[in-house]
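Trainee: The sequence and its predicted three-dimensional model are supplied below.
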Amino acid sequence: MAAPRNTRARTTSSRSRTGGAPPASPPPRRGLSTGAVVGVVVGAVLLLFGVVAVVSNLGDDRSNGDDSSATVETTELRETAPVTVTGAALPELPDSGRDAAVGQTPPTLTGVSFDGTPVEVDPTDGQAKMLVFLAHWCPHCRAEVPRIVDWVANGGKPEDLELIAIATGTSPDADNYPPSAWLEREKWPGEVLVDSAASDALRSYGASAFPNIVIIGADGKVKARHSGEFKDGELQSFVADALAE
């Protein structure tokens, strides 16, 4: 939008001067001379132009004022942001065997979304949760996100399950940056918590690979964790089995 112009009306003022001493006796009455008539006409024309200029200037000022008030404010997106971790961190997810985090209460995460909206992941609020830790440069994450989007669109996600993405591992020098644009393109159907530059949220949940999914029950306990892509149909059974625990 072009910056408002500072316009000022230009007005021309003229004064007619009469010189010489007054006559000793009143002069005979005569009609207006041709020069006087011309002077009157010219003065009227100048006065008319002056009025038009003032009205035009007022209109410009109103227009400029309207333009400035119509300016749209843009919100600066945050690709990384500080995250407060409250509670004990979960042990790292093993490659195989029993997951020691199952049955534990995971930490609470407090931060913001891409647009600065406050986001809190509180496992003890009585709401079952599915946390999905994603990195924009990870090819497996980029393959998994559309599957999750379709899963939600097709009614696979239970209504009482809260879906939250954790945008983590963010690097401006890596592929598919920024994560905000990526998840917007994919039409991510849940909340997003922006992880810190040091990936504090990721580390506190014991994740070491992407994508990483954590299911938290309504009782506030970890029900299951999974690392890597799901094949077709596996996500539905994973979530159902986890919530059945």
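Mentor: The structure has been received and is ready for your questions.
Trainee: Please, which helix or strand holds I166?
Mentor: Following DSSP states H and E, one finds I166 within strand 161-167.
Trainee: Now I164: closest residue in space, sequence neighbours ignored.
Mentor: Once flanking residues are discounted, I164 sits nearest to E191: 4.8 Å by CB to CB, 6 or more residues apart in numbering. Any C-beta I mention is one placed from the backbone N, CA and C, and that applies to glycine too.
Trainee: what number of residues lie near that neighbour?
Mentor: Neighbour count for E191, taken as other CB atoms under 10 Å: 16.
Trainee: now the one 3 residues further on
Mentor: Counted with other CB under 10 Å, the neighbours of V194 add up to 26.
Trainee: With L235 instead?
Mentor: 21.
Trainee: for the protein, what spans make up the helices?
Mentor: Secondary structure of the chain by DSSP state H: the helices cover 34-69, 139-153, 179-185, 200-204, 234-243.
Trainee: so the residue nearest to I164 sits right up against V119, yeah?
Mentor: Yes - the pair E191 / V119 is scored as a contact, 5.9 Å apart, by CB atoms under 8 Å.
Trainee: Identify the contacts common to these two.
Mentor: Common neighbours of E191 and V119, using CB atoms under 8 Å, 6 or more residues apart in numbering, are 113, 164.
Trainee: which ones are touching V119?
Mentor: 109-113, 164, 191-193.
Trainee: Point to the helix or strand of this protein where mean pLDDT is at its lowest.
Mentor: helix 34-69 (a mean of 45; mean pLDDT, DSSP states H and E).
Trainee: re the thing from before, ok, which pair from the contacts of V119 is furthest apart?
Mentor: By the measure CB to CB, these have their two most distant members at T110 and V192, which lie 14.2 Å apart.
Trainee: Looking at these two, which one has more neighbours?
Mentor: Comparing T110 with V192 by other CB under 10 Å, the one with more neighbours is V192, at 24 against 17.
Trainee: Quick check, that one in contact with E186.
Mentor: No - if you go by CB under 8 Å, V192 and E186 don't touch, sitting 11.2 Å apart.
Trainee: Distance check, the residue nearest to I164 against G87.
Mentor: According to CB to CB, to the nearest Å, E191 and G87 sit 19 Å apart.
Trainee: How about D195?
Mentor: 16 Å.
Trainee: same thing with S96?
Mentor: Separation of S96 from G87 (CB to CB): 27 Å.
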